[in-house]
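> sequence first, predicted model second:
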Amino acid sequence: MRRYASSDSRLTSCSPVVTPAFRHASSTAPTVSHACGSETSNPPARSSACTSAPSLRKRSTIAAPIPDAPPVTSAVRGNIGGYCRIRIAMTIPFTGVPLHELGPLVRRIDEAGYDSVWSAESTEFDGFTPLVVAAEHSRRLRLATGIVNVYTRGPALLAQTAAAVANVSNGRFVLGLGASSNVIVEQWNGIPFRRPLAKVEETVAYVRTVLAGERGAGGFKLASPPHKPVPIVLAALRDRMLGLAARIADGAFTNFLPLSRAAQVVDAFARPEKELACRFFSIHGPENDALAAAKRIFVAYATVPVYAEFFRWLGFYDEINPVVEAWAAGDRKRALELAPEALVREIFLLGPVEAQRERLAEFARAGITTAVLALFCPPSELTALIDAFAPD
């Protein structure tokens, strides 16, 4: 029996990181024990061979047992049907699950038929290390950074790290890159946040050159380049970055997408032959608590300038501007009260798993090709939810 971190709440988050903005939003909302978890998946703008490994079935010192899971079978997966037109992926790691205990869950994800796992990088672990763990405990999953930014690592180091993960995973690695935000880049790391579009394009060109075994600008050359090309996916919200991803990358990775505007993003990308992934926050628990959690996460994101501009580009001026104004005035409670419920319901996966799977099918019909789930649930429910969302 494995033991993961305990949870007093129905809605403790299993997604990877806590953002400062979310902490601010949470400070004016109900506490965890009354409402929801206080953690979000990586907000990038805020700001198959299996190798052997030692057994990871160690016990942590904190209780909340998860019984050993039964084998994955078609009966366990259930009858999902047409929902599987979209590739299903999972965000790792999971809050409350130490990295040294992540392996069994990755094996479950792999055996259940998921397409990929995508890391997150903000305030918890880096974006590469969880994928190394996943590589050791999976046979066929694609392993993607979702995302790492182009500022805080030099381009040669990015290429070296990508080559290492491609090697340890036997060619299953996908490099997800993005500009991130002035908070992460400038405030936290002391690096000027300038010309993000140009910086992303320059970095992709350099990394592709070096990963191909050629010499990059400045003379750097990998001693052991990957045997096959490493796919590159770009984090993109609005038309210019989506267009750049369509032109120079193998795919795009978007976030916080309302269903009614999915077609706008799909049309701006305009490359149906390429991957268009999107992260979806899947929140579980009583409806009122789940909605409260979704609103808190929404405010944490929507008040970041790049996301505010994203929602305005999508046409939600009237919904976003009052939230941003209240937040800028320091009235966190009012910002939460102004969170537009209809828009929140369009973005988040809420309600029973069946309803959430149907919502994913709607996004698939709109043109999203990969759904990257970020689960919000007690750790004790992870295995059941991995099975419930698994493709046939």
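That came through, no problem.
> and for Ile347, the neighbour number?
Look at Ile347: counted by other CB atoms under 10 Å, it has 21 neighbours. Heads up, the C-betas are built off the backbone N, CA and C, glycines and all.
> per-residue confidence for it?
On pLDDT, Ile347 comes in at 98.
> for it, what are its contacts?
256-259, 281, 294, 298 (CB atoms under 8 Å, 6 or more residues apart in numbering).
> the helix or strand hosting Ala262: which residues count as buried?
Using DSSP states H and E, Ala262 maps to helix 262-269. Of the residues in helix 262-269, 262, 264-266, 268-269 count as buried by neighbour count, 16 or more other CB atoms under 10 Å.
> could you do stretch 144-162 as well?
Result for stretch 144-162 [16+ other CB under 10 Å]: buried residues 144-153, 155-156, 158-162.
> in strands, which of those appear?
144, 148-149 (DSSP state E).
> so for stretch 124-141, mean pLDDT?
Mean pLDDT, computed over stretch 124-141, is 97.
> just the terminal-to-terminal distance for that stretch.
With CA to CA, to the nearest Å applied, stretch 124-141 spans 23 Å between its terminal residues.
> would you mind listing the buried residues in that stretch?
125, 127-128, 130-138, 141.
> now the residues you listed as CSV including secondary structure and distance to His100?
Output for the buried residues of stretch 124-141, formatted as CSV (DSSP: H, G, I helix; E, B strand; the rest coil; distance: CB to CB, whole Å):
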residue, secondary structure, distance to His100
Phe125, coil, 12
Gly127, coil, 18
Phe128, coil, 16
Pro130, helix, 11
Leu131, helix, 15
Val132, helix, 12
Val133, helix, 8
Ala134, helix, 13
Ala135, helix, 15
Glu136, helix, 11
His137, coil, 11
Ser138, coil, 16
Leu141, coil, 19
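> which one of these sits closest to Pro226?
Ala135 (13.5 Å; CB to CB).
> spatially, what comes nearest to the closest one if we skip its sequence neighbours?
Ser169 (3.9 Å; CB to CB, 6 or more residues apart in numbering).
> how much space between the one you found and Ala277?
Relative to Ala277, Ser169 is positioned 18 Å away (CB to CB, to the nearest Å).
> neighbour count winner among those two?
Just comparing Ser169 and Ala277: by other CB under 10 Å the higher neighbour count belongs to Ala277, 26 against 23.
> distance between the helix or strand that contains that one and the chain's centre?
Using DSSP H and E, Ala277 maps to strand 275-283. Distance of strand 275-283 from the chain centroid (CA atoms, centre = their mean, to the nearest Å) equals 7 Å.
> likewise stretch 183-202?
20 Å.
> tell me the buried residues in that stretch?
For stretch 183-202, by 16+ other CB under 10 Å, it's 183-186, 188, 193, 196, 199-201.
> again with stretch 295-303
Going by neighbour count (16+ other CB under 10 Å), the buried part of stretch 295-303 is 295-303.
> tell me the one among the contacts of Ile347 nearest to Gly96.
Phe281 (16.6 Å).
> what ranges does the stretch 251-392 of the chain have for its strands?
251-255, 275-283, 370-376 (DSSP state E, counting those that start in this stretch).
> let me know the angle separating the first one from strand 275-283.
Translated: strand 251-255. Angle of strand 251-255 versus strand 275-283, following axes from the mean of the first three to the mean of the last three CA atoms, to 10 degrees, is 20 degrees.
> which ones are touching Phe269?
So Phe269 contacts 236, 242-243, 245-246, 252, 276 (CB under 8 Å, 6+ apart).
> work out for me the element Leu177 sits within.
Using DSSP H and E, Leu177 falls within strand 173-178.
> mind giving me the packing neighbours of that strand?
strand 142-144, strand 148-149, helix 155-168, helix 196-211, strand 232-235 (3 or more CB pairs under 8 Å, 6 or more residues apart in numbering; DSSP states H and E).
> nearest to Ala371, of those?
Across those, the minimum distance to Ala371, taken as CB to CB, is reached by strand 142-144, at 13.0 Å.
> so what strands line up beside the closest one?
strand 116-118 (parallel), strand 173-178 (parallel) (DSSP bridges).
> which one of the ones in strands among the buried residues of stretch 144-162 is nearest to Ile320?
Ile320 lies nearest to Asn149 out of those, by CB to CB, at 24.2 Å.
> just give the nearest non-adjacent residue to that closest one, would you?
Once flanking residues are discounted, Asn149 sits nearest to Ser180: 3.4 Å by CB to CB, 6+ apart.
> find the nearest non-adjacent residue to Leu141, please.
Per CB to CB, 6+ apart, closest to Leu141 is Asp110, 5.1 Å.
> now the host helix or strand of that neighbour: average pLDDT?
Asp110 is located in helix 103-111, with elements delineated by DSSP H and E. Taken as a whole, helix 103-111 carries a mean pLDDT of 98.
> helices and strands around it, which ones?
The helices and strands touching helix 103-111, judged by 3+ CB pairs under 8 Å, 6+ apart, are helix 129-136, helix 382-389.
> and of these, who's closest to Glu309?
helix 129-136 (29.8 Å).
> just for the stretch 101-250 of the chain, where's the confidence low?
Scanning the stretch 101-250 of the chain for pLDDT under 70 picks out nothing.
> dump the ones in strands among the buried residues of stretch 144-162 to CSV, plus distance to Pro98.
Output for those, formatted as CSV (distance: CB to CB, whole Å):
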residue, distance to Pro98
Ala144, 22
Val148, 22
Asn149, 25
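> returning to that earlier point: for the contacts of Phe269, work out which two are farthest apart.
Gly243 and Leu276 (12.9 Å).
> ok, back up a step: so what's the residue nearest to Leu141 up against?
137-141.
> so it versus Gly96, what's the distance?
For Asp110 relative to Gly96 (CB to CB), the value is 21 Å.
> any idea how far stretch 291-304 is from the middle of the chain?
16 Å.
> got the contact list for Phe280?
By CB under 8 Å, 6+ apart, Phe280 lies in contact with 348-349, 360, 363, 371-374.
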